[in-house]
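Visitor: Show me how the following folds:
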Amino acid sequence: MRAAVSGRSTTDYGAATGRVAGLPIRRHHLLLVAWTVLWFLLVEPSGGVSWHYLRQGEQLLFDQQPGGGLSLYAHHPELQIGPVSLAAARLFAPFSDRTGQVLAEATMSALGLVMLVLVGRTAAWHYLGTGTNHRRLQQRLLVAGSAFIPMWVEVSVRFAHLDDVLALFFTTLAAHALSRGRATAVAVYLALAVDSKPWALSFLPLVLALPRPAWRRTLLWLGALVAVAWLPFYAGTSGSFAAARFTIPNQAASSLRWLGVSDPATPWWDRPAQAALGLGLGCLAVLRGRWPAVVLVGADARILFDPSVYTYYTASIMLGTLLWDAVGQKRLVPWWSWIALAALYGGTLLIPSDSARGLVRLAFVVLSTAYVLLRPARQQRRGRSPDDGAGARRAGERRARRADGVAPGQHRHRPGRVLAGTRG
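Guide: Okay, here's the model as predicted:
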């Protein structure tokens, strides 16, 4: 009799958590893996568009070639790639060009799946003790992840931009560490993101979602790790600052055109304005108690001011909408992930007019930023509250931890409440 009850409990537990055959694998993860493999096979034959930049950069940095070493950015300002990304590209150097490229593309695609798991666990920790239905959370992640994967394959396979991939991967790790209240880990991961690609500066306001006493230590760690990676290139070679002044064409489909900027290339003020707007919007998101929106508004600032309109830019937007749909709100249908995919990727494929595509980009930036920052705060719907009894609350938390891989006895800080009393 006891064995029958135990077997039934195991079956019920597996069904409740979406596990497959009692294994630590969930059904929505398997579906996302299959979806990723399908997109990888479709895109890989035409992939690796920019992989040669990574190979060139790591060879210049590590092989002591003329114009390389610590003077790399002085002689090759077109290599807008952080040193951490160049070090990671070095891992594929022992292989032939083609084999190394395919292995890199496969690795970057797998990192996208890891990010989806991390976002799911971030949401589980964020809503721990609120009576969240974890099956609904898994369904929400599956639907949002289905929109995320095509754009992730765009950046990881078609363009093979390891620097953008690592910047977004480390930012995802930072968001997960933030949900766990691990201040030092937040600093390390954000520093690695900036050391992979400088535009990740826009995500630094995540630090402000930590408890105020942790700010000083976190910022010190962050600044030190960024300095260790970048200062060697700038301390002895003043010409390295040329990389910060590198320009690209101002394309007809960019949002800049709708803002009245008709310069043929990147205006001198563009990059500073891009960083300032991203940081400002991110700080406002935290002040509004909506730290899961930091990545989205930072990515919005990037595509608003960027002169180019490469499709891989949309991957940062998709991570932002994924975090917002999974962590920032509790709607079953993750509308913003699919709106972003349709507007920014679908629009690129289906809208013939450059001017119209630029208007769509501008409209998405304005509407998504206004929505996550300005919409009225809602009272969170809760399951069992502390007033329902301490025993019931502990039992609910144990079930949530088991369902989402959280070890019993662990507790975490709930970020986003130290600066504001409301939450989106």
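Visitor: got a list of what the closest residue to Leu190 other than its chain neighbours touches?
Guide: Once flanking residues are discounted, Leu190 sits nearest to Ala174: 4.8 Å by Cβ to Cβ, 6 or more residues apart in numbering. For glycine as for every other residue, the C-beta is placed from the backbone atoms N, C-alpha and C. Ala174 is in contact with Ala185, Val186, Tyr189, Leu190, Ala193, Phe203, Leu206, counting by Cβ atoms under 8 Å, 6 or more residues apart in numbering.
Visitor: Which pair of those residues spans the longest distance?
Guide: Taking Cβ to Cβ as the measure, those span a maximum distance of 14.5 Å, between Ala185 and Phe203.
Visitor: hang on, the earlier thing: pLDDT value on the residue nearest to Leu190, please?
Guide: In this prediction, Ala174 carries a pLDDT score of 98.
Visitor: ok, now Val333?
Guide: Turning to Val333, the model gives it a pLDDT of 85.
Visitor: Pretty sure it sits in a strand.
Guide: No - the secondary structure assignment for Val333 gives coil rather than a strand, going by DSSP: H, G, I helix; E, B strand; the rest coil.
Visitor: residues contacting it?
Guide: If you count contacts by Cβ under 8 Å, 6+ apart, then Val333 has Arg140, Val143 around it.
Visitor: any idea how far it lies from Ala123?
Guide: 15 Å (Cβ to Cβ, to the nearest Å).
Visitor: With neighbour numbers in mind, choose between Ala185 and Phe203.
Guide: Phe203 (29 against 17; other Cβ atoms under 10 Å).
Visitor: Am I right that that one falls within a helix?
Guide: Yes - under three-state DSSP, Phe203 sits within a helix.
Visitor: so how many other residues sit close to Ile25?
Guide: Ile25 - counted by other Cβ under 10 Å - has 13 other residues nearby.
Visitor: Please indicate which of the contacts of Ala174 are buried?
Guide: Among those, those buried by neighbour count (16 or more other Cβ atoms under 10 Å) are Ala185, Val186, Tyr189, Leu190, Ala193, Phe203, Leu206.
Visitor: So which of those is the closest to Ser316?
Guide: Taking Cβ to Cβ as the measure, Phe203 is the one of the buried ones among the contacts of Ala174 closest to Ser316, at 9.2 Å.
Visitor: so what's that closest one up against?
Guide: Under the contact definition (Cβ under 8 Å, 6+ apart), the residues listed for Phe203 are Thr171, Ala174, Leu190, Ala193, Gly278, Gly282, Val294, Val295, Gly298.
Visitor: if we can go back for a sec, now the buried ones among the contacts of Ala174 in a markdown table, with secondary structure?
Guide: Formatted as a markdown table, the entries for the buried ones among the contacts of Ala174 read as follows, by three-state DSSP:
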| residue | secondary structure |
| --- | --- |
| Ala185 | helix |
| Val186 | helix |
| Tyr189 | helix |
| Leu190 | helix |
| Ala193 | helix |
| Phe203 | helix |
| Leu206 | helix |
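Visitor: Can you tell me which of these is nearest Ser96?
Guide: The closest of the buried ones among the contacts of Ala174 to Ser96 turns out to be Ala193 (Cβ to Cβ; 30.0 Å).
Visitor: in the stretch 101-250 of the chain, which spans are helices?
Guide: Counting by DSSP state H, counting those that start in this stretch, the stretch 101-250 of the chain forms helices over residues 134-153, 162-179, 183-196, 215-235, given from the N-terminal end onward.
Visitor: looking at those, which is closest to Asp325?
Guide: Evaluated over these, closeness to Asp325 peaks at helix 134-153, with 4.6 Å, by Cβ to Cβ.
Visitor: What is the closest one packed up against?
Guide: When contacts are defined as 3 or more Cβ pairs under 8 Å, 6 or more residues apart in numbering; DSSP states H and E, helix 134-153 packs onto helix 2-17, helix 27-43, helix 97-126, helix 314-323, helix 335-340, helix 390-404.
Visitor: Please work out which residues outside the helix or strand that the fifth one is followed by touch it.
Guide: Which is helix 335-340. Stepping forward along the backbone from helix 335-340, the first helix or strand reached (DSSP states H and E) is helix 347-350. Helix 347-350 is contacted by residues Val309, Thr311, Arg357, Val360, Arg361 when judged by Cβ under 8 Å, 6+ apart.
Visitor: in the stretch 301-424 of the chain, which segments are predicted with low confidence?
Guide: For the stretch 301-424 of the chain, residues meeting the criterion pLDDT under 70 lie at 378-424.
Visitor: swap the cut-off to 90 and go again
Guide: By pLDDT under 90, the low-scoring segments of the stretch 301-424 of the chain are 329-333, 347-350, 375-424.
Visitor: that older thread, tell me which two of the contacts of Phe203 sit farthest apart.
Guide: Across those, no pair lies farther apart than Ala174 and Gly278, at 15.1 Å, counting by Cβ to Cβ.
Visitor: Tell me, how many residues neighbour Leu323?
Guide: Using other Cβ under 10 Å: Leu323 sits among 26 other residues.
Visitor: correct me, but it touches Trp291?
Guide: No - the pair formed by Leu323 and Trp291 falls short of the contact definition of Cβ atoms under 8 Å, at 9.2 Å.
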